[in-house]
Each structure stands twice: as structure tokens, then as C-alpha cells.
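A.B. asks: One predicted model, sequence on top.
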Amino acid sequence: MTPSCLAIRGLGVETTRHGAAVRLVDDVSLEVRAGETLALVGASGCGKSLTCAASLDAAPPGVRRTAGSIAIDGVEQAPADIRGRLVATILQNPRSAFNPVRTMRQHAMEGPAARGVPASGRAQRIRVAMADAGLEDADRILALHPFEMSGGMLQRMMIALALASGAPFLFADEPTTDLDLIVQRDILDLLLRLTREQGLGVLLVTHDMGVVAALADRVAVMDAGRIVETGAVMDIFHRPAHPVTRGLRDAHLSLYRDRSAA
Amino acid sequence: MSLLAARQLSRVYRSGVTGRDRRTVLDQVTLDMSPGECVALLGRSGCGKSTLARLLAGLEQPDAGEVRFGGRPLPTFGKADWRAFRRAVQLVFQDPVGAVNPRETVAQIIAEPLRHLRGLTGPAAMEQIQGLLRAVDLPADAAGRLPQQLSGGQLQRVCIARALAAQPQLLILDEAVSNLDLHLQIQMLDLFARLKADRGVSYLFITHDLRLAERFCDRVLVMDDGRIVEETRVGGAFALTSREGRALQNAVLPAMPPRRAMAG
């Protein structure tokens, strides 16, 4: 059965500065449900990316998870066991996420091989995933190296690799930040379609309330390592309760003040 | 009189072993920037915006056409002219990590234009550095830090401070604020607006974000495939009419979430 809910509970992350422990993420709990997008928003440096990474035990060196657990449908799991299997991750700047001297085909075969998918099924699986990610002409693209592809194509490829893993949940960390506006719109539409049609559960990390408005069903607002407010997207935009949420919304809307905001 | 002008600029990039593969990235682009004017150059990635920026800043030579500063073509410049030009026209790139020396502290990075272009050193330079850090909302103790000890957004503001250190007449911003948090974007725009009002600084805003153009610019140019395909004056909201302009406008993210069916 497809899992329906991923829960991060009481996550705490620390680092050491000048010999003293500094808390970067403090008691963060989130719930990502199948078929919807939870946006994790906040200023840069507030700990959103770290929350994603640390919950899967993929935090950068020098940073350690001190508390918290991750559970799928109420059953606690070892982060290393679900990473890449039940949770796929896509990142900002797809160019740096690919090995520059390997083709897309080599990238596409690596994951399934590591997961023990029989060789016969791998090619078909990546083809289907690429079509779902809006990459036509899979044969041509699989032969390309990263430098032969645009940023938008690479991000679609990263999404295709995530889909090919069959993971029911996707952590998307600023997936459109480095892309131009037109490509961004396409990628956001793609993610929206995948949640609706394939029931993907997405944790979307972003600092852009426009991206939140376009994609999110629910929103968690983070400030200085803590979640200060969680709510439905309509409530966050129309009835923000916390000053930090209001600040984010008002700054966002000020960009639209000259246009007849919908 | 125009401050900086491009006349029929073309640029071809050659690739392949013998340079057989030719790609025209700029095709006869003509552009005038007046003192105190703020122009947005819009277009999707790969349309030639950044190449145009590099040509305008004199970092690269065109294959045809010329760039004029104060009415004079760049290739006729002597050493003193280049120095005056470098001081007058500053460029901020999109990628701050690649734009700074990783072994220099923030203070050293900002001190460079102060020393070379304005002849300031010692306490006079330090005072300027502190003022510039304040202007871009960085703490005073950032001066002693190395690039790797700063976030991307902080480092981008160091690059903006470095550009402002030269007291330029024209600032070319190549996607230089689009990666910042929104409140910082707005803060930077307010700072630019203040400099524009106080010192008549001009701006060429290279961006794919129409919202910034709308908020800040007097004139919008739309680029597509190496050519300028549309030019529009801006007074608040505006409608673009070219195919590319409409595509850009349609891609603007919504201000508020649309009423759509919830999941499940």
C-alpha cells in the first residue's frame, strides 16, 4: 500500500561555534501528506534546508541531529532506510547536483542499481519517469552530459530521477530558485500535476511566497530554527496569525502593489 | 546626452575544435542609457542578456558594432579613460561566490575599488567600508569574515557594496538581487532608489522577474534570441505585447493562492 503520511517529529539540530553548542533547528514537527504540497517558508538561514536534510540524516559535516524522528504512517523509520527509497530529494541549482563527466543514462541507472531494481526494468522505468517529468525524446536526452543541457532540462531530469525511484514523498529544496520565470512556471505546474495525478507528497522549501501561492496546500512558517505557524495556504495569505508570517506576506504583496492583485 | 550607448552590437560565440560552430548570441542590439534612468532588460535564460551586460561593461569585445561611454567609443579609450569608465560603470553578477576571491576578507574585497578607483586607503577606506556594510544591511563584524563564512545572500550584498564603493554613475545588475530574500530585495531596491534620488545613479536591471521591473524601472526592454524585440515605458503596471513579452508576463507568479480544489 502507498504510504499516506510522513511525519517529522521534534527535530533538533546543532552545530558548534567557538566551543559552544548552537541550536540551528529547534523542536520542528511537520506532516507531509500524500497528494499535497507542504511549503516550508522563511528567511534564508532560518533552518528550512537543514530541516529537510537533517530529517533524512543528510546534514552537512559539522552539523548534528540531536533530537527528533521521522515516521511513515505512524511507524518510526531509520532516516538512512527511507532516504532515496520513500523520500526522494531535488535541490536548487541542478547543475551542481549532476556529475559533469557522466551522461544522463549513467545517472539514471545508478539509483535503481543501488536499490536492487533488476536491470531489465530500469530502462523502462526511467523512460516513463522522464515522460512524466515533461522530457520527450528520452533516448536523445539520456545520451547528454549536464553541460549540454539547460537548467530547466536538468531540473526536469532531477525530478525524473526522483520519480523513477518510486518514492511516494519528495523533498524539493528551492527547486526553481535559479531558473528563469518561464521555466519556473513550467516546473511548478509539473510538481502540481504530480501531486494531483500521482499522489506525490511534497515538502517544498522556498523563500518565495509567489511559489507558495502557486503550489502549496499547506504552509509551515519557520523563523530562527522554529516553526512559528502552520496552516492552510488560504489562511496563511488571508489571515496570517504570527508577525513573521505577516511580514513575509506583506513583503511579497508589496511587489504587486501596482498591479490589480487577484 | 546618453551616458552609455550600444550601437548595433553583435556577438558570435564559436565552439568546436576549429571554431566551426557559430552561435549568434547578440544580433545588432542598440540601446541608450540616460543619466538617472532605470532600465530593465527582461528575457529568459540564454537570450543574450548577460553577454550584453559584459559588452556594456567593456569586459568582452563585440564582433560588430560599438559601445560608447559619454559619446566616445570604448576602443578609443586610453588608460585614464578606462579608469574613469571602470569607476563610472559597475557590474554585479548573479553568482557572488564566483565573483570574489575566497582568500580575501569582506573588508579586503570592498577595499579594492576604494584603493584603485578612488585612492582611499587606511582609516578613510575603513570608514567607507563600514558605511557600505551598513547600507547593504550587513553587521560591522562581517568585515573580518571570509566569503565561505557568509550565506549566499550576504555575499551577494558584499558584491553590491563593492560595486557601490566605486560610486558608479551606472550600476549593471545581472540578476543580482533575484536570489535574495524578498525583504532584502526590497531593501536593496530602496537603497538603489535613494542613490538614484541623491546622486542620479542609473541602473540597468537584468532580470527575468517582471515584478522587479514594474516596481523599479522607467523603461523595459524585452530580449529574445539575441535581439531586443520590445521596448515599453513603465508607469506602474504595464502590458507587454510581443510574444516573448507575453510569455514572461504570463509566467509571473500569483500574488495570492488561487482558489483551487484541495487535495484528497
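C.D. replies: On my side now, so go ahead.
A.B. asks: in terms of contact, does residue B:39 touch residue B:222 like I think?
C.D. replies: No - taking contacts as C-beta atoms under 8 Å, residue B:39 lies outside contact range of residue B:222: 11.6 Å. No exception for glycine: its C-beta is placed from N, CA and C like everyone else's.
A.B. asks: and these two? which has more neighbours close in?
C.D. replies: In this view residue B:39 and residue B:222 are compared by other C-beta atoms under 10 Å in any protein chain shown, and residue B:222 has more residues nearby, 28 against 23.
A.B. asks: mind listing what the more buried one touches?
C.D. replies: Applying C-beta atoms under 8 Å, 6 or more residues apart in numbering or on different chains, we find residue B:222 in contact with B:42-43, B:228-232, B:240, B:242, B:244-245, B:248.
A.B. asks: Quick check: neighbours of the one helix or strand it maps to in the sheet, parallel or antiparallel?
C.D. replies: Element membership of residue B:222 [criterion: DSSP states H and E] is strand B:219-224. Strand partners for strand B:219-224, identified by DSSP bridges, are recorded as strand B:38-42 (parallel), strand B:227-233 (antiparallel).
A.B. asks: next one: that strand to chain centre, how far?
C.D. replies: Between the centre of strand B:219-224 and the centre of its chain there are 14 Å (C-alpha atoms, centre = their mean, to the nearest Å).
A.B. asks: Report the mean per-residue pLDDT for that strand.
C.D. replies: For strand B:219-224, mean pLDDT is 94.
A.B. asks: Can I get that strand as CSV, trimmed to CA atoms?
C.D. replies: Listed in CSV are the C-alpha atoms of strand B:219-224, where the atom choice follows Å, rounded to 0.1, in the frame of the first residue of the first chain:
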residue,chain,number,x,y,z
ARG,B,219,11.7,51.5,-19.2
VAL,B,220,11.6,47.9,-20.1
LEU,B,221,13.4,46.1,-22.9
VAL,B,222,12.5,42.6,-23.8
MET,B,223,15.1,40.4,-25.3
ASP,B,224,14.6,37.2,-27.3
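A.B. asks: what sits up against stretch A:188-201?
C.D. replies: Stretch A:188-201 has contacts (C-beta under 8 Å, 6+ apart) with A:2, A:4-6, A:32-38, A:132-134, A:156, A:159, A:163, A:168-170, A:172, A:175-176, A:202, A:204, A:211, A:214-215, B:253, B:263.
A.B. asks: Mind listing what's buried along that stretch?
C.D. replies: Of all the residues in stretch A:188-201, those buried under the rule 16 or more other C-beta atoms under 10 Å in any protein chain shown are A:188, A:190-192, A:194-196, A:199-201.
A.B. asks: Check stretch B:82-94 too.
C.D. replies: Under the neighbour-count criterion of 16+ other C-beta under 10 Å, stretch B:82-94 has B:85-94 buried.
A.B. asks: Filter those down to just the ones in helices.
C.D. replies: In helices, defined here by DSSP state H, the members of those are B:85-88.
A.B. asks: Would you mind naming what in chain B lies close to chain A?
C.D. replies: Within chain B, the residues that sit near chain A (C-beta under 8 Å from any C-beta of the partner chain) are B:44-46, B:151-153, B:179-183, B:186, B:208-212, B:214-215, B:236-237, B:247-248, B:250-259, B:262-264.
A.B. asks: Buried among those residues? Make that a ChimeraX selection.
C.D. replies: With 16+ other C-beta under 10 Å as the burial test, the buried ones among the residues of chain B next to chain A are selected in ChimeraX as follows:
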select /B:44,45,152,153,179,180,181,182,183,186,208,209,210,211,212,214,215,247,248,251,252,253,254,255,256,257
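A.B. asks: what's the single longest helix in the chain?
C.D. replies: No chain specified, so I'll use chain A. Of all the elements of type helix in chain A, the one with the most residues (DSSP H) is helix A:181-198.
A.B. asks: That was the other one, I meant chain B.
C.D. replies: Looking only at chain B and at elements set by DSSP H, the helix with the highest residue count is helix B:182-199.
A.B. asks: Which elements pack onto that helix?
C.D. replies: Other elements packing on helix B:182-199 under the criterion 3 or more C-beta pairs under 8 Å, 6 or more residues apart in numbering or on different chains; DSSP states H and E are helix A:243-254, helix B:152-165, strand B:202-207, helix B:210-216.
A.B. asks: Now do the buried residues in that helix.
C.D. replies: Neighbour count says helix B:182-199 has B:182-189, B:191-192, B:195-196 buried, by 16+ other C-beta under 10 Å.
A.B. asks: what does that helix rub up against?
C.D. replies: A:43, A:207-209, A:247-248, A:251-252, A:254-255, B:36, B:38, B:135-137, B:153, B:157, B:160, B:164, B:167, B:171, B:177-178, B:180, B:201-203, B:212, B:215-216.
A.B. asks: As a check, name the ranges of all strands in chain B.
C.D. replies: Read by DSSP state E, chain B holds these strands, from start to end of the chain: B:4-15, B:21-33, B:38-42, B:64-69, B:72-73, B:89-92, B:170-174, B:202-207, B:219-224, B:227-233.
A.B. asks: Make CSV out of those strands and add distance to residue A:55.
C.D. replies: Compiled in CSV, these are given as follows (distance: least, C-beta to C-beta, whole Å):
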stretch, distance to residue A:55
strand B:4-15, 43
strand B:21-33, 43
strand B:38-42, 38
strand B:64-69, 51
strand B:72-73, 58
strand B:89-92, 35
strand B:170-174, 36
strand B:202-207, 34
strand B:219-224, 42
strand B:227-233, 46
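A.B. asks: I'd like to check which residues are in contact with residue B:145.
C.D. replies: With C-beta under 8 Å, 6+ apart as the criterion, the residues that contact residue B:145 are B:105-106.
A.B. asks: quick one: it from chain A, how far?
C.D. replies: Residue B:145 sits at a distance of 13 Å from chain A (criterion: C-beta to the nearest C-beta, to the nearest Å).
A.B. asks: Which pLDDT does the model give that residue?
C.D. replies: Value listed for residue B:145 in the pLDDT field: 94.
A.B. asks: Next, it: phi, psi?
C.D. replies: Reported as degrees, to the nearest 10, the phi and psi values for residue B:145 are phi -90, psi 160.
A.B. asks: Nearest the middle, which residue of chain A would you pick?
C.D. replies: residue A:172 (1.3 Å; C-alpha atoms, centre = their mean).
A.B. asks: And the contacts of the helix or strand harbouring that one?
C.D. replies: Residue A:172 is part of strand A:169-173 when elements are defined by DSSP H and E. Where contact means C-beta under 8 Å, 6+ apart, the residues beyond strand A:169-173 that reach it are A:3, A:6, A:32, A:34, A:48-49, A:52-53, A:56, A:86-92, A:162, A:191, A:194, A:200-205.
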